[in-house]
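Colleague: sequence unknown, structure follows:
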C-alpha cells in the first residue's frame, strides 16, 4: 500500500467551477500535511499547509483535513486556466526525524476555459 | 521569504563528465536539504537527504558513489553527478527546510530545478 495516494487524473473542470483534489495517507500518526502545485517543467511550489482537523482557507484555496479518516483535500474555488497543473499532496509521517516528506504521485488538474 | 536558489538551471554535457549542482537557502538556514530527481511525466523521486556537517542519507537504489552530496554549511548543499551518462539525464530538484520552528511543521521549499542532459 502506498503511503500517500492521489488519483492521477486528469481532473477536468470548467473555468469558474470548484476543483476538488483528494489525498489519503497510511500513517495514522502523521502530523503535518502540505499541498504543492507543480507546473509542467517547473519545480513544486508550496500552496498550503494544514496541521489540525477541519478547514483552512487561503484566498481561493481551502485545505481540509480529517485525521480520523486519514484524508486531506484541497478545494480550489473559481478555478482558472492558470490553475492547470499537477497538485502534489505531501505528508510528514510520525517519527520523521529528518522531516522527509512523503509525496503522492500528484493529480493533474485541467481547467477548461 | 523561504527562497531556495538552485544553480545551474540547465546543463548539457558529454558522457563521462561530472556535473555539480548547487542548492542554497537564501533567507533561512537549513540543517537538512533534500535532493530529488524527476523524469518526464513521472512523480518526484527522493534521492537523498543532505545533512549539514555529516554524511548524506541515500534512498534505496541510489548509488552514493555516483551521486556525491556535500552539505558544508547551513545554507549550501551540492550534488555532484559523477561520470554522467545519458541515462542520468533528468530534472534534479533540491529542497530545504527552515531550521527554526517546530521541525515536523516545517514545509520543504524547492529550488527551481536543474535540467541535466547528457549527450
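Modeller: Happy to help now that I have it. Remember, it's a predicted structure, so these values are computed and weren't measured experimentally.

Colleague: Could you list the low-pLDDT ranges of chain B?
Modeller: Along chain B, segments meeting pLDDT under 70 span B:1, B:101, B:103-104.

Colleague: which residue is nearest the centroid of it?
Modeller: The centre of chain B sits closest to residue B:35, judged by C-alpha atoms, centre = their mean, with a distance of 3.2 Å.

Colleague: how much space between that residue and chain A?
Modeller: Computed as C-beta to the nearest C-beta, to the nearest Å, the residue B:35 to chain A distance reads 11 Å. Backbone N, C-alpha and C define where each C-beta goes, glycine included.

Colleague: in what helix or strand does that residue lie?
Modeller: Using DSSP states H and E, residue B:35 falls within strand B:32-38.

Colleague: Give me the contacts around the helix or strand of chain A with the lowest mean pLDDT.
Modeller: Lowest by mean pLDDT, DSSP states H and E among the helices and strands of chain A is strand A:102-103, with a mean of 90. If you take C-beta atoms under 8 Å, 6 or more residues apart in numbering or on different chains as the criterion, strand A:102-103 is touched by A:3-4, A:25, A:27, A:36, A:88-93, B:43-44, B:46.

Colleague: Remind me what the first helix or strand past it going along the chain packs against, helices and strands.
Modeller: Per DSSP H and E, strand A:102-103 leads on to strand A:107-112 as the next helix or strand towards the C-terminus. Under the contact criterion of 3 or more C-beta pairs under 8 Å, 6 or more residues apart in numbering or on different chains; DSSP states H and E, strand A:107-112 touches strand A:11-14, strand A:19-25, strand A:85-92.

Colleague: got any ranges where chain A has weak pLDDT?
Modeller: For chain A, the stretches with pLDDT under 70 are A:1-2, A:94-99.

Colleague: how about the residues of it that lie near chain B?
Modeller: A:31-32, A:34, A:36, A:41-46, A:49, A:51, A:88, A:90, A:92, A:96, A:98-101, A:103-106 (C-beta under 8 Å from any C-beta of the partner chain).

Colleague: Over to residue A:75. Which of the three states is it?
Modeller: The three-state label given to residue A:75 by DSSP: H, G, I helix; E, B strand; the rest coil is strand.

Colleague: Where does the closest residue to it other than its chain neighbours fall, secondary structure wise?
Modeller: Spatial nearest neighbour of residue A:75, excluding adjacent residues (C-beta to C-beta, 6 or more residues apart in numbering or on different chains): residue A:62 at 4.4 Å. For residue A:62, the element it lies in under DSSP H and E is strand A:61-66.

Colleague: which other residues reach that strand?
Modeller: Here strand A:61-66 has contacts from A:33, A:35, A:47-56, A:71-77, using C-beta under 8 Å, 6+ apart.

Colleague: out of these, which are inside strands?
Modeller: Mapping the contacts of strand A:61-66 onto strands (DSSP state E) picks out A:33, A:35, A:47-50, A:54-56, A:71-76.
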